[in-house]
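Visitor: A structural model of the following input is requested.
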Amino acid sequence: MRLSIKTLKRIESEFGEFDISQVLGGDNGIYLRFGYWEQVAIGALQEIIGTSIVVEEDSDYDDDCGNKYMYRLFDSMFYKK
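Guide: Residues are numbered from 1 along each chain as shown. The predicted structure is shown next:
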């Protein structure tokens, strides 16, 4: 699974600053986080990233600030929903 710098710059241009992180434990998957866990248009994000990577929105509820959104990235060859 690869994301080019060109794609990463396009994501930043469309949605603003973001972080790339890895889930600790479980599948150790990679995810994107925009701003302070902000929600973004998943369809537009998937279109920018392309079909070789599947984007899945995930969120956790926090009593102090509501939903915190992250966008998990999966290699489409191995993706099982």
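
Visitor: so how far is stretch 34-51 off the chain centroid?
Guide: 6 Å (CA atoms, centre = their mean, to the nearest Å).

Visitor: mind listing residues that contact it?
Guide: Contacts to stretch 34-51, defined as CB atoms under 8 Å, 6 or more residues apart in numbering, come from residues 3, 7, 10-11, 14-18, 32, 54-55, 57, 59, 65, 67-71, 73, 76. All C-beta atoms are positioned from the backbone trio N, CA, C, and that covers glycine.

Visitor: and the residues you listed, which are buried?
Guide: Among these, those scoring as buried are 3, 11, 15, 18, 32, 54, 55, 69, 70, 71, 73 (criterion: 16 or more other CB atoms under 10 Å).

Visitor: number of nearby residues for the nearest residue to the second one once chain neighbours are set aside?
Guide: So that's residue 11. With CB to CB, 6 or more residues apart in numbering as the criterion, residue 11 has its nearest non-adjacent residue at 5.7 Å, and that residue is residue 48. If you count neighbours by other CB atoms under 10 Å, residue 48 ends up with 16.

Visitor: cool, and the one 10 residues further on?
Guide: By the criterion of other CB under 10 Å, residue 58 has 12 neighbours.

Visitor: that one touches residue 68, doesn't it?
Guide: No: contact between residue 58 and residue 68 fails when scored by CB atoms under 8 Å: they sit 9.3 Å apart.
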